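S.K.: Sharing a model that was predicted from the sequence below.
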Amino acid sequence: MELHIGNMTCGGCARSVTATVKEVDPAATVEIDLATKRVRIASTQPAERFASALDEAGFPPQVEQA
């Protein structure tokens with residue numbers, strides 16, 4: 001799945017987003033592109049779980065593709 005996180009602007013944000021994803025699924029693969037503010041997540045967990053956790057962490061995402 002790919003998420004767009006509009007307020008992810010720096011390395012600290014990227015680390016926080018990665019940590020939040022790993023809290024939902026420690027086995028998830030996370031790829032972050034700060035330039036486009038996109039996060040690609042490879043996981044068996046549903047996108048809604050990641051979206052909810054990221055929203056609670058202060059990084060509300062928009063699902064780009066499922």
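M.R.: Sure thing, it's come through.
S.K.: Show the secondary-structure elements that the longest helix seen in the chain is packed against.
M.R.: When secondary structure is assigned using DSSP state H, the longest helix within the chain turns out to be helix 11-24. Taking 3 or more CB pairs under 8 Å, 6 or more residues apart in numbering; DSSP states H and E as the contact definition, the neighbouring helices and strands of helix 11-24 are strand 29-33, strand 38-42, helix 47-56. Any C-beta I mention is one placed from the backbone N, CA and C, and that applies to glycine too.
S.K.: Export these as JSON lines, with columns for mean pLDDT and mean neighbour count.
M.R.: Supplementary listing: the helices and strands packed on helix 11-24 in JSON lines, determined by pLDDT from 0 to 100; neighbours: other CB atoms under 10 Å:
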{"stretch": "strand 29-33", "mean pLDDT": "97", "mean neighbour count": "14"}
{"stretch": "strand 38-42", "mean pLDDT": "96", "mean neighbour count": "18"}
{"stretch": "helix 47-56", "mean pLDDT": "95", "mean neighbour count": "16"}
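S.K.: Please convert these to a markdown table, extending it with distance to S16.
M.R.: Compiled in a markdown table, the helices and strands packed on helix 11-24 are given as follows (distance: least, CB to CB, whole Å):
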| stretch | distance to S16 |
| --- | --- |
| strand 29-33 | 11 |
| strand 38-42 | 11 |
| helix 47-56 | 9 |
